[in-house]
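[1] Provide a 3D model corresponding to the input given below.
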Amino acid sequence: MDTLDDDRDVQVLDEAECLRLLDTAPIGRIAFTEGALPAVQPVTFTRGDREIYVPTHPGSAVAAASRGAVVAFEVDQVDVETRTGWNVTVVGPSRLITDPAEVRRLDSLGVGPWVPSGVHCYVGVQVGLVRGRRIGHRPATTPGLSPAGVGLPS
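    Numbers count the residues shown, from 1 in each chain. So this is what the prediction gives:
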């Protein structure tokens, strides 16, 4: 077994931690269907209570594919050298937001489209299914002690 694998473990994250981590990521990825094939694009985003907002322009592939379709949205943070990090995936129905008043309200949250464009809209992704995990290093243990180090045989 690879020694890197020996000192790492996986923690499944609860929904509250997943939503907290969503707020720390500057860039995410939206996965959608384009021409009956899967597609993934990096995007900027912001989050409301139970919806993720992705700014885009009306003619984009994301806008075209996000008219009520179920999409996935993912964020992560990875340390390539230590092979540690976390990822969060949200799956839910999407909607295209073009109403000028709602676009202005979302603009006030301070996020702009990944690709600059004169006119833009938003894709809203309802927070439905939320999953996340963290891969980290196991705590160091002293031989003969329990993992908590309390002095009990392990």
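
[2] where in the chain is pLDDT low?
    Applying pLDDT under 70 to the chain flags the ranges 1-6, 140-154.

[3] Let's see that with 90 instead.
    For the chain, applying pLDDT under 90 flags the ranges 1-8, 35-36, 49, 59, 64-68, 82, 110-119, 137-154.

[4] Please enumerate the strands of it.
    Assigned by DSSP state E, the chain shows strands spanning 8-12, 28-34, 37-43, 46-47, 51-56, 70-79, 84-97, 121-126, 129-137.

[5] Could you say which one of the ones you listed comes nearest to L21?
    Taking CB to CB, strand 84-97 is the member of the strands of the chain nearest to L21, at 5.2 Å. Glycine gets a C-beta too; all of them are placed from N, C-alpha and C.

[6] quick one: Q41 and H137, what's the gap?
    For Q41, the distance to H137 equals 32 Å [CB to CB, to the nearest Å].

[7] ok, those two, which is more surrounded?
    Between Q41 and H137, counting by other CB atoms under 10 Å, Q41 is the more crowded of the two (18 against 12).

[8] Quick one: residues contacting that one.
    Taking CB atoms under 8 Å, 6 or more residues apart in numbering, we find Q41 in contact with R29, I30, F32, A61, V62, W114.

[9] Could I get the contacting residues of the nearest residue to V88 once chain neighbours are set aside?
    Nearest non-adjacent residue to V88, counting by CB to CB, 6 or more residues apart in numbering: G132, 4.0 Å away. Going by CB under 8 Å, 6+ apart, G132 touches V12, L13, E17, C18, L21, W86, N87, V88, T89.
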